[in-house]
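K.L.:
model this:
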Amino acid sequence: MSPTFHSLGIRNYRIYASGGLVSNIGTWMGRVAQDWLVLTVLTDHSATALGTVTGLQFLPFLLLAPWAGMLVDRYSKRRLLVGTQTALLLTALALALLTAYGAVQLWHVYALALLQGVATALDNPARQTFVSEMVDRDHLPNAVALNSASFNLGRVIGPAVAGLVIARLGLAPALFVNAASFLFVLAALARMDATRLTPAPRARGKGQIRQGLRYVKGRPDIVLILFLVFVLGTFGMNFQLTMALMATTVFDKGPGEYGALGSIMAVGSLTAALLSARRARPRLRVLLLALAGFTVSTAVLSLAPSYVLFAVLLVPTGLAALTALTTANAMVQVSVEPVMRGRVMALYMAIFMGGAPLGSPLIGWVGDAFGARWTIAIGTIMVGLSLGLVALWFARHDNVRVSLTLRRRPRVRLSLAGEERALFSDVRLEREAST
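P.N.:
Okay, here's the model as predicted:
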């Protein structure tokens, strides 16, 4: 099998990935339909309202992350996923029914977005860490990248199909498809061979949340990644909001053109995921270069004078963004101890997606006050500043020396108090003893 897809040779992962792809397509259809419902039916193109919906969806990530991680490390991830996917199905079905009967109001969307956020706050770390129970360590980076590829293939297909469905049949059918798509994940979980799963050791006893936080605090390599992911997720990854505003208020386009933008951006994201799947190990250098590429591409994107050029520029933007996220995710998953993986990944998802309650309403306000283009430019500025701070820290930190090592197979080692941890790159960071 091709190195890009070698994880699909594992039966359980192949079944899981198939169900996940269908669900991802439905999820993206639901997102487009929900955004269009808020912008064109329930409000008069209110960026603040759309930002509030996005913020409510991600607020539980920020509030519930420690408990979600503890539950994922303590209980069966497969059973947790059955519960969370069922909850997501029911909330999606409720929005579809309210819309179909013409009874939907903005507060309904707010309430359901919050409930979906609660379910997703537990679902995401369970899904992220469940991969390591289906595949071994050698297949893990590839499986993480293929999950991203599945998500973005759904992003290619889902928005485009949603735009066509909304234009011809209305909002409700697109929302019903989203609800039905969760059945495929539930079916995949039921079909798995449980005897071939390799569950991680269960976390037992009191103080598991504090133990997880102490573990992350003692890993400056993970703290660095979390900082970069927080800035990217909070200020840079608001394309659900920014593309809707650009399509409707700047380029005066309809649902078909708006849906097409998501699919076009996903072409770059899908390419990034497939390229990441071919890499044997994630590298810090790739993460930093991808963030630099994101800064440049979004700067140009915010100035695009036409819809066509804006759409074209979404491809390199998606490529850079997904390369950064896939690399960061794989670096964290590969480097943590299995018994800590649920708590660390819950914190990772809280840092990445939990910033949305802060960033989305702010960016929505920026769009209303200064125009849609500034909703993109603020991400450019913040990600660029974060890279500058990281570079300054590397250059000026009293106890850190950055050195390049020439090896046949280069890799990074971060030495702290005599303990070395691999970051899989071609830069070595060594902490020198104080004199």
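K.L.:
Phi, psi for Tyr75 please.
P.N.:
The main-chain torsion angles of Tyr75 are listed as degrees, to the nearest 10 and equal phi -120, psi 170.
K.L.:
State the distance from it to Glu257.
P.N.:
Relative to Glu257, Tyr75 is positioned 45 Å away (criterion: C-beta to C-beta, to the nearest Å). Heads up, the C-betas are built off the backbone N, CA and C, glycines and all.
K.L.:
So which elements touch whichever strand or helix holds Leu275?
P.N.:
Secondary structure assignment for Leu275, by DSSP states H and E: helix 255-278. Contact here means 3 or more C-beta pairs under 8 Å, 6 or more residues apart in numbering; DSSP states H and E; on that basis helix 255-278 packs against helix 11-36, helix 140-169, helix 239-245, helix 307-335.
K.L.:
can you list contacts of the third one?
P.N.:
When contacts are defined by C-beta atoms under 8 Å, 6 or more residues apart in numbering, helix 239-245 is touched by residues 31, 35-36, 39, 45, 47, 50-51, 54, 258, 261-262, 265, 314, 360, 363-364, 367, 372, 375-376.
K.L.:
One more: stretch 166-173?
P.N.:
Residues lying outside stretch 166-173 but in contact with it, judged by C-beta under 8 Å, 6+ apart, are 32-33, 36-37, 41, 96, 99-100, 165, 174, 254-256, 259.
K.L.:
tell me the domain boundaries of the protein?
P.N.:
3-396, 398-435 (automatic domain parsing).
K.L.:
picking up where we left off before, can you list the residues that contact the helix or strand that the helix holding Leu275 is followed by?
P.N.:
Per DSSP H and E, helix 255-278 leads on to helix 284-301 as the next helix or strand towards the C-terminus. Applying C-beta under 8 Å, 6+ apart, the set of residues contacting helix 284-301 from outside is 225, 228, 232, 236, 272, 279, 310, 313-314, 316-317, 319-321, 323-324, 327-328, 331, 376-377, 379-380, 383-384, 386-387, 390, 412, 423-427.
K.L.:
Mind jotting down where the strands sit in the stretch 51-200 of the chain?
P.N.:
For the stretch 51-200 of the chain, applying DSSP state E, counting those that start in this stretch gives no strands.
K.L.:
Any regions of it where pLDDT drops low?
P.N.:
For the stretch 51-200 of the chain, the stretches with pLDDT under 70 are 200.
K.L.:
That one: helices as residue ranges?
P.N.:
Taking DSSP state H, counting those that start in this stretch as the criterion, the stretch 51-200 of the chain carries its helices at 77-100, 106-134, 140-169, 171-191.
K.L.:
Likewise for the stretch 301-435 of the chain?
P.N.:
Counting by DSSP H, counting those that start in this stretch, the stretch 301-435 of the chain has these helices, from start to end: 307-335, 341-353, 356-370, 373-396.
K.L.:
closest to Thr86 out of those helices?
P.N.:
Taking C-beta to C-beta, helix 341-353 is the member of these nearest to Thr86, at 19.9 Å.
K.L.:
Give me the contacts around that closest one.
P.N.:
Residues lying outside helix 341-353 but in contact with it, judged by C-beta under 8 Å, 6+ apart, are 58, 61-62, 64-66, 68-73, 77, 121, 124-126, 128-129, 132, 200, 203, 208-209, 211-213, 215-216, 222, 226, 229-230, 232-233, 325, 329, 332-333, 336.
K.L.:
can you give me the angle that helix makes with helix 106-134?
P.N.:
Taking axes from the mean of the first three to the mean of the last three C-alpha atoms, to 10 degrees, helix 341-353 and helix 106-134 form an angle of 140 degrees between their directions.
K.L.:
May I see the buried residues of the helix holding Leu275?
P.N.:
Neighbour-count burial for helix 255-278, counted by 16 or more other C-beta atoms under 10 Å, picks out 255-277.
K.L.:
How many residues are close by the nearest residue to Thr43 once chain neighbours are set aside?
P.N.:
For Thr43, the nearest residue in space outside its immediate sequence neighbours is Ala49; the separation is 4.7 Å by C-beta to C-beta, 6 or more residues apart in numbering. Ala49 sits with 20 neighbouring residues when counted by other C-beta atoms under 10 Å.
K.L.:
need the contact list for Thr48.
P.N.:
When contacts are taken as C-beta under 8 Å, 6+ apart, Thr48 is in contact with Pro361, Gly364, Trp365, Asp368.
K.L.:
6 Å instead, please
P.N.:
Taking C-beta atoms under 6 Å, 6 or more residues apart in numbering, we find Thr48 in contact with Gly364, Trp365, Asp368.
K.L.:
Can you check the pLDDT for it?
P.N.:
The model reports Thr48 with a pLDDT of 80.
K.L.:
Next: Val402.
P.N.:
Per-residue confidence (pLDDT) for Val402: 40.
K.L.:
going forward can the numbers begin at 491, since that is how I track them
P.N.:
All set: I'll call the first residue 491, so the last point we hit is now Val892.
K.L.:
neighbours around the spatially closest residue to Leu673 that is not a sequence neighbour, how many?
P.N.:
Nearest-residue entry for Leu673: Leu579, 7.0 Å, with adjacent residues in sequence omitted and distances by C-beta to C-beta, 6+ apart. Here the neighbour count serves as a burial measure; for Leu579 (other C-beta under 10 Å) it reads 20.
K.L.:
Would you check that Tyr797 makes contact with Asp742?
P.N.:
No: using C-beta atoms under 6 Å, Tyr797 makes no contact with Asp742, being 8.9 Å away.
K.L.:
Give the burial count for Arg700, as a bare number.
P.N.:
The burial metric for Arg700, expressed as a neighbour count using other C-beta under 10 Å, is 10.
K.L.:
Quick check: it vs Met839, distance?
P.N.:
In this structure, Arg700 lies at 19 Å from Met839, with C-beta to C-beta as the measure.
K.L.:
ditto for Leu540
P.N.:
When C-beta to C-beta is applied, the distance between Leu540 and Met839 equals 22 Å.
K.L.:
Likewise for Met733?
P.N.:
In this structure, Met733 and Met839 are 23 Å apart, going by C-beta to C-beta.
K.L.:
now Ser671
P.N.:
Between Ser671 and Met839 the computed distance is 21 Å (C-beta to C-beta).
K.L.:
go on, Ala859?
P.N.:
Taking C-beta to C-beta as the measure, Ala859 and Met839 are separated by 30 Å.
K.L.:
what does Val706 give?
P.N.:
Going from Val706 to Met839 by C-beta to C-beta gives 13 Å.
K.L.:
And those two? Which one has more around it.
P.N.:
Regarding Val706 and Met839, a neighbour count based on other C-beta under 10 Å identifies Met839 as having more, with 26 against 19.
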